[in-house]
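**Q** Using only what follows, build the 3D model:
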Amino acid sequence: MSTPDILFAFLSYLTVEKGLSPLTVDAYRGDLRQLAEFLEKRKRTLLNAARPNLLAFLEQLTANMVDGRSRARKLSALRHFYRFLLLDKKIKHDPTLNIESPRQWKILPKSLTLEEIDAMLAQEKSKPQDPALAIRNAALLELLYATGMRVSEIVNLRLEDLNLQASSAIVHGKGDKERIVPFGVAARDALLAYLRDSRPQLCRVRRSPLVFVDRSGTGLTRERVWRIVREAKIEGKASPHMLRHSCATHMVGNGADLRTVQTILGHADIATTQVYTHVAMDHLKSVYRAHHPRAKRRISTQKGPA
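**A** Below is the predicted model:
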């Protein structure tokens, strides 16, 4: 099989059998094409590449200052690809075996404090703007923070996905995987106000199945959501992703277990959620110091008489 044929078969497999999102499939396509070009200069192909070739490829990425997250994703693409070839009996040995994942940043992604969240919401409600848009934006911000939804998830949220009585929403995540995400009283009240007082005005011209719409009744774009969040921040920059991280950080900081946070955020792998572990450890230490009888008690080290 030629390289284009191999790539086509693999990418079809990712889409049909693995159910990966188009964005992930496109990323893997680019990663494998980059490797193919690297191998071609060394008179190798994707089919006859050996472990040293792949290590050299990863070393070149490091030399070109490609960050750890991107290198880890590219290695993930290679692992999926060569396992596919192995299962399809196109190769006899997997050249990615025993290749360690590149080190990734272990720092927590930037999040907002609870005070900054409160200030954002208070400012959005008091801004001199169209009342219908103010009510919509307040509901959007409340729901982003309450659920940790990705931008793509909230712009595609449909009316039929909402269950206001149960204060929950069906969220369609990556790979079209569904999850049920709860939200609190503040988000529910903001949504009720939006659906009652704002959305009917915005949908006068056109009806839409989507929850959040613009003045013409059409769904919001990802760029518009980013702009709403950025303009709501009083000082510094903010993004929808920061609200997502804030949701997770504040949950873990208040005692939520990582499995719960994983489910709410829609992480396929618990390892992705473990970036919040240090927050859980800070909480664990504070609980330990508050409740363990010997946590604060200084033990005497004086020796008795000889």
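**Q** Any idea how far apart the tips of stretch 169-188 sit?
**A** Taking C-alpha to C-alpha, to the nearest Å, stretch 169-188 runs 11 Å from one end to the other.
**Q** Only the buried residues of it, if you could.
**A** Neighbour-count burial for stretch 169-188, counted by 16 or more other C-beta atoms under 10 Å, picks out 169, 171, 172, 173, 174, 175, 181, 183, 187, 188. C-beta here means a position set from N, CA and C on the backbone, and glycine is covered the same way.
**Q** OK, contacts around residue 172?
**A** 153, 156, 161, 178 (C-beta atoms under 8 Å, 6 or more residues apart in numbering).
**Q** Now the second one, what are its backbone angles?
**A** Backbone geometry at residue 156, expressed as degrees, to the nearest 10, gives phi -100, psi 10.
**Q** Select only the buried ones of the contacts of residue 172 in PyMOL?
**A** Buried subset of those, written as a PyMOL selection, criterion 16+ other C-beta under 10 Å:
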select buried, resi 153+156+161
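**Q** Just the closest of the contacts of residue 172 to residue 254, please.
**A** Proximity of the contacts of residue 172 to residue 254 was ranked by C-beta to C-beta; the top entry is residue 153 with 23.1 Å.
**Q** Return the distance of that closest one relative to residue 185.
**A** Shown here: residue 153 relative to residue 185, a distance of 21 Å by C-beta to C-beta, to the nearest Å.
**Q** One more: residue 116?
**A** On the measure of C-beta to C-beta, residue 116 and residue 185 end up 20 Å apart.
**Q** CA-only coordinates of stretch 111-127, as CSV, when you get a sec.
**A** Output in CSV follows, covering the C-alpha atoms of stretch 111-127 (Å, rounded to 0.1, in the frame of the first residue of the first chain):
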residue,chain,number,x,y,z
SER,A,111,-7.9,29.8,36.5
LEU,A,112,-9.8,32.7,38.1
THR,A,113,-10.4,33.2,41.7
LEU,A,114,-13.9,33.1,43.1
GLU,A,115,-13.7,36.8,43.6
GLU,A,116,-12.8,37.3,40.0
ILE,A,117,-15.7,35.1,38.9
ASP,A,118,-18.2,37.1,41.1
ALA,A,119,-16.8,40.4,39.7
MET,A,120,-17.2,39.2,36.1
LEU,A,121,-20.8,38.3,36.6
ALA,A,122,-21.6,41.4,38.5
GLN,A,123,-20.1,43.6,35.9
GLU,A,124,-21.8,41.8,33.0
LYS,A,125,-25.2,42.4,34.6
SER,A,126,-24.5,46.2,35.2
LYS,A,127,-22.9,47.0,31.8
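**Q** ok, residues contacting it?
**A** Taking C-beta under 8 Å, 6+ apart as the rule, stretch 111-127 contacts 134, 137-138, 141-142, 145, 232-234, 238, 242-243, 245-246, 248-250.
**Q** can you do 10 Å?
**A** Stretch 111-127 is contacted from outside by 131, 133-142, 145, 186, 190, 228-229, 231-236, 238, 241-250, 253, 276, 279, using C-beta atoms under 10 Å, 6 or more residues apart in numbering.
**Q** rewinding a little: and the contacts of residue 172 as CSV, adding secondary structure and pLDDT?
**A** Formatted as CSV, the contacts of residue 172 follow (DSSP: H, G, I helix; E, B strand; the rest coil; pLDDT from 0 to 100):
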residue, secondary structure, pLDDT
153, helix, 94
156, coil, 94
161, helix, 96
178, strand, 92
